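[1] this one's sequence-less:
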């Protein structure tokens, strides 16, 4: 009877440049309560030697108060083929922080921080351009979709929603925990 040694297998995979993954590993799951709604994030990672951890898949759903239907949030993420991963797609961006924020008139919103994956195929993903925010209502609608990441239009939206400046002082949680 032959026994497989995980350490030897992992070493061989690393030498071959293959990503470290555990077959059948469940996605990381995080939960956020916001204004009577419940959000669930499911994120699947791929560990890659000598590179940042790669996000293979991510889905966030919201169940509004008084409903049982989980609605998916539309995220700013698209498939990306990293040069160091053979025959595997990862996401070019993922949600790395989330919070429930409340307007001055008591209305709740979901506030997400997106972070793009560093890649030679995404040269604009550097420095402060690596992160941006998205704002959703309690029905899963992206309120700032199509707006520039920053600037007068986004500021006007936040003012209209009575949210002020969200970039200052929002305590974010990790959606994978």
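    Thanks, I have it. In this text the structure is predicted, and so the values were computed from the model without any measurement.

[2] Give me the sheet partners of the helix or strand hosting residue 39 and which way each runs.
    Residue 39 is located in strand 37-46, with elements delineated by DSSP states H and E. Here strand 37-46 is paired, per DSSP bridges, with strand 28-34 (antiparallel), strand 54-63 (antiparallel).

[3] Just the residues contacting the shortest one, thanks.
    The reference is to strand 28-34. Under the criterion CB atoms under 8 Å, 6 or more residues apart in numbering, residues 38-45, 98-100, 108-110, 138, 173-177 lie in contact with strand 28-34. Quick note: C-beta positions are derived from backbone N, CA and C, even for glycine.

[4] just stretch 106-113 next, same as before
    32, 34-37, 39, 60, 62, 73, 75, 95-103, 131-138, 143, 161-163, 166, 170, 172, 175.

[5] go on, stretch 123-135?
    Contacts for stretch 123-135 (CB under 8 Å, 6+ apart): 75-76, 92, 96, 109-119, 142-145, 149-150, 157-158, 161, 163, 166-167.

[6] rerun at 6 Å
    109, 111, 112, 113, 114, 115, 116, 118, 142, 143, 144, 149 (CB atoms under 6 Å, 6 or more residues apart in numbering).

[7] Would you mind listing the buried residues in it?
    By neighbour count on 16 or more other CB atoms under 10 Å, the buried set for stretch 123-135 is 125, 130, 132, 133, 134, 135.

[8] about what we covered before: helices - which of the contacts of stretch 106-113 land there?
    Applying DSSP state H to these, no entry is found in helices.

[9] coming back round to it: mind giving me the PyMOL select for the contacts of strand 28-34, buried ones only?
    Per 16+ other CB under 10 Å, the buried members of the contacts of strand 28-34 correspond to this PyMOL selection:
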select buried, resi 39+41+42+43+44+45+98+99+100+108+109+110+138+175+176
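
[10] neighbours around residue 49, how many?
    Burial of residue 49, expressed as a neighbour count using other CB atoms under 10 Å, amounts to 13.

[11] quick one: secondary structure of it?
    coil (DSSP: H, G, I helix; E, B strand; the rest coil).

[12] And it, how far from residue 85?
    11 Å (CB to CB, to the nearest Å).

[13] next one: residue 92
    13 Å.

[14] thinking again about what came up before, got the contact list for the strand holding residue 39?
    Contacts for strand 37-46 (CB under 6 Å, 6+ apart): 19, 21, 27-32, 53-54, 56-65, 138, 175-176.

[15] and those, which are buried?
    So, by 16+ other CB under 10 Å, the buried ones in the contacts of strand 37-46 are 19, 21, 30, 32, 54, 56-60, 62-64, 138, 175-176.

[16] ok, so of those residues, who is nearest residue 81?
    Relative to residue 81, the closest of the buried ones among the contacts of strand 37-46 is residue 54; by CB to CB it sits at 11.1 Å.
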